[in-house]
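Engineer: Give me a model of this one.
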Amino acid sequence: MRLPEGGRINRGKPVQFTFDGTSYQGFEGDTLASALLANSVHLVGRSFKYHRPRGILSAGAEEPNALIRLGKGARIEPNLRATQIELYDGLTSESQNRWPSLNLDVGAINSLFHRFFPAGFYYKTFMWPASFWKSVYEPVIRNAAGLGKAADDHNDPDRYEKTHQHCDVLIAGGGAAGLMAA
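Structural biologist: The predicted structure follows:
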């Protein structure tokens, strides 16, 4: 699906990368999105609520569908746009918001019941019995919410010379004046 000539890629330098465990080939200068399209990969993600299939829609930073999890181990970075990821040799990427795989997503069953899932349905639906909220309902909703998952390892392998920490408002003191200011 690639034009035989032209463009801003260097066809003399092939690059190997993986997407969802499958190895593909692109060229130096490709973005992950352009390389996936050139390899006839059109399904790159699932919608947030109903897990409907999503493909690459645009070529720039405004891309709403192709959110990718990049890297492996402690260096995973979720929610990157495939249109902004420059291809490099050995790049490892995965689709997000699917389980167990992109082509066979169990969450897609939500699409069949879309009439029963209006916005905020869980505020009314999961109120009874109250004891189920913390142990059943909330964990299931939290698991289903969100798109990308951050790295499992909380130890950042990188070292930084400086950190820039700031706050908008700082109130020092827990006395009457501090409590009044808060």
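
Engineer: what residues does stretch 77-92 touch?
Structural biologist: 15-18, 26-33, 35-36, 44, 56, 58-61, 63, 66-72, 93, 96, 147-150 (CB atoms under 8 Å, 6 or more residues apart in numbering). C-beta coordinates here come from the backbone N, C-alpha and C atoms, glycine included.

Engineer: Identify each buried residue in that stretch, please.
Structural biologist: 78, 80-83, 85, 87, 91-92 (16 or more other CB atoms under 10 Å).

Engineer: out of the residues you listed, which are inside strands?
Structural biologist: Counted as lying in strands by DSSP state E, out of the buried residues of stretch 77-92, are 78, 80-81, 91-92.

Engineer: Could I get these in CSV, plus columns for distance to Tyr137 and pLDDT?
Structural biologist: As requested, those are arranged in CSV below (distance: CB to CB, whole Å; pLDDT from 0 to 100):
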residue, distance to Tyr137, pLDDT
Pro78, 25, 90
Leu80, 31, 94
Arg81, 32, 95
Leu91, 39, 96
Thr92, 35, 96
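
Engineer: hmm, which two among these are most spread apart?
Structural biologist: Arg81 and Thr92 (16.6 Å; CB to CB).

Engineer: Below-threshold pLDDT in the chain: ranges please.
Structural biologist: 122-123, 145-146, 153-154 (pLDDT under 70).

Engineer: Going by residue numbers, what spans are strands in it?
Structural biologist: 10-19, 22-28, 45-46, 53-54, 67-70, 77-81, 91-95.

Engineer: Go through those and pick out the most buried.
Structural biologist: Mean neighbour count (mean count of other CB atoms under 10 Å) peaks for strand 45-46 among the strands of the chain, with a mean of 24.

Engineer: what's that one packed up against?
Structural biologist: The helices and strands touching strand 45-46, judged by 3 or more CB pairs under 8 Å, 6 or more residues apart in numbering; DSSP states H and E, are strand 53-54.

Engineer: List of residues touching the strand it packs on?
Structural biologist: With CB under 8 Å, 6+ apart, strand 53-54 has contacts from 43-47, 65-66.

Engineer: Let me have those residues in a markdown table, adding distance to Leu104 as columns.
Structural biologist: Shown next, in a markdown table, are the contacts of strand 53-54 (distance: CB to CB, whole Å):
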| residue | distance to Leu104 |
| --- | --- |
| Leu43 | 11 |
| Val44 | 15 |
| Gly45 | 14 |
| Arg46 | 11 |
| Ser47 | 16 |
| Asn65 | 19 |
| Ala66 | 19 |
